[in-house]
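Participant: Here is a sequence together with a model predicted from it:
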Amino acid sequence: DAGVIQSPRHEVTEMGQEVTLRCKPISGHDYLFWYRQTMMRGLELLIYFNNNVPIDDSGMPEDRFSAKMPNASFSTLKIQPSEPRDSAVYFCASSFMLQGGEQYFGPGTRLTVT
Amino acid sequence: DQQVKQNSPSLSVQEGRISILNCDYTNSMFDYFLWYKKYPAEGPTFLISISSIKDKNEDGRFTVFLNKSAKHLSLHIVPSQPGDSAVYFCAASAFNTDKLIFGTGTRLQVFP
């Protein structure tokens, strides 16, 4: 398996623009997680899905953020409109276990909003 | 409010010596703990875990210790190697949730 795939790897955009980050989880994994990494807060969980259904979106910072998982092999995280403070590395991860199971992370998308 | 805290942002250790990375948590419901390792431009990868029913788990050069009364865990790397230079994240989860709560990470540098 190729592992978790994220695209793009780098995104530079101007404030106010819409940004869409994409993720393909490992086949057979029922859980998908979106994280954001910053120096101050480390790895923050934004939202996670189980069997394509959003379970907990309490980490989504504002209404400008939205995430979808239309099928078991694809998820998107959208920021509209983007702001400079959204600049961070965004990771997608997937797992097949419930509580505490190992999560497999993608390589991340480095987002820079100018 | 950080439920999982890694108070040392960085650590520098000589090759061959022991590296000790520390992690504190505040939520007494946490019962499963993990360490992840992250190289630059890559996603974190799982390193080692421990259940709250144990106080030690060992895997080769890596050992994790859990002190439930102190709500503290540590990762020992012996002997340290230059390839261990990375950022290490501590994570925890509670029995009634699928979520992992991560700390802010500790950057380990192992020098020759």
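Facilitator: Sure thing, it's come through.
Participant: can you pull up the bridge partners for the residue positioned nearest the centre of chain A?
Facilitator: Taking C-alpha atoms, centre = their mean, the centroid of chain A lies closest to A:W34, which sits 3.1 Å from it. Beta bridges link A:W34 to A:I47, A:C92, judged by DSSP bridges.
Participant: what's the pLDDT at it?
Facilitator: Per-residue confidence (pLDDT) for A:W34: 97.
Participant: likewise the one 5 residues further on?
Facilitator: Confidence at A:M39, expressed as pLDDT, is 82.
Participant: picking up where we left off before, isn't the residue nearest to the centre of chain A right next to A:E44, touching?
Facilitator: No. Assessed by C-beta atoms under 8 Å, A:W34 is found out of contact with A:E44, at 9.7 Å. Every C-beta, even on glycine, is put in place using the N, C-alpha and C of the backbone.
Participant: Show me what from chain B comes close to chain A.
Facilitator: Counting by C-beta under 8 Å from any C-beta of the partner chain, the residues of chain B close to chain A are B:6, B:31-32, B:34, B:36, B:41-46, B:49, B:89, B:91, B:93-105.
Participant: May I see the ChimeraX selection of the buried members of those?
Facilitator: Buried members of these, defined by 16 or more other C-beta atoms under 10 Å in any protein chain shown, are picked up in ChimeraX with:
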select /B:6,31,32,34,36,43,44,46,49,89,91,93,94,97,98,99,100,101,102,103,104,105
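Participant: ok, now which ones touch A:F91?
Facilitator: Residues near A:F91 by C-beta atoms under 8 Å, 6 or more residues apart in numbering or on different chains: A:Q6, A:W34, A:Y35, A:R36, A:Q37, A:L43, A:F105, A:G106, A:G108, A:T109, B:G43, B:P44.
Participant: Looking at these, which is nearest A:P84?
Facilitator: Distance to A:P84, by C-beta to C-beta, is smallest for A:R36 among the contacts of A:F91, at 14.3 Å.
Participant: picking that back up, tell me the spacing between the residue nearest to the centre of chain A and chain B.
Facilitator: Using C-beta to the nearest C-beta, to the nearest Å, we find A:W34 at a distance of 12 Å from chain B.
Participant: Any figure for the gap between that residue and B:G60?
Facilitator: A:W34 sits at a distance of 32 Å from B:G60 (criterion: C-beta to C-beta, to the nearest Å).
Participant: ditto for A:V19
Facilitator: Distance from A:V19 to B:G60, by C-beta to C-beta: 41 Å.
Participant: So, low pLDDT: which residues of the chain?
Facilitator: Chain wasn't specified; assuming chain A. A:1, A:98-101 (pLDDT under 70).
Participant: Actually, chain B is the one I wanted.
Facilitator: Applying pLDDT under 70 to chain B picks out residues B:1.
Participant: mind listing the strands for it?
Facilitator: Shown for chain B, the strands assigned by DSSP state E span residues B:4-5, B:10-14, B:19-25, B:30-38, B:45-51, B:56-59, B:62-67, B:72-77, B:86-94, B:101-102, B:106-111.
Participant: Strand partners (parallel or antiparallel) of the fifth one?
Facilitator: Its sheet considered, strand B:45-51 pairs with strand B:30-38 (antiparallel) by DSSP bridges.
Participant: Ok, the third one next?
Facilitator: Using DSSP bridges, the strands paired with strand B:19-25 are strand B:4-5 (antiparallel), strand B:72-77 (antiparallel).
Participant: now the angle between strand B:86-94 and that strand, please.
Facilitator: Angular relation of strand B:19-25 and strand B:86-94 on a 0 to 180 degree scale: 30 degrees, by axes from the mean of the first three to the mean of the last three C-alpha atoms, to 10 degrees.
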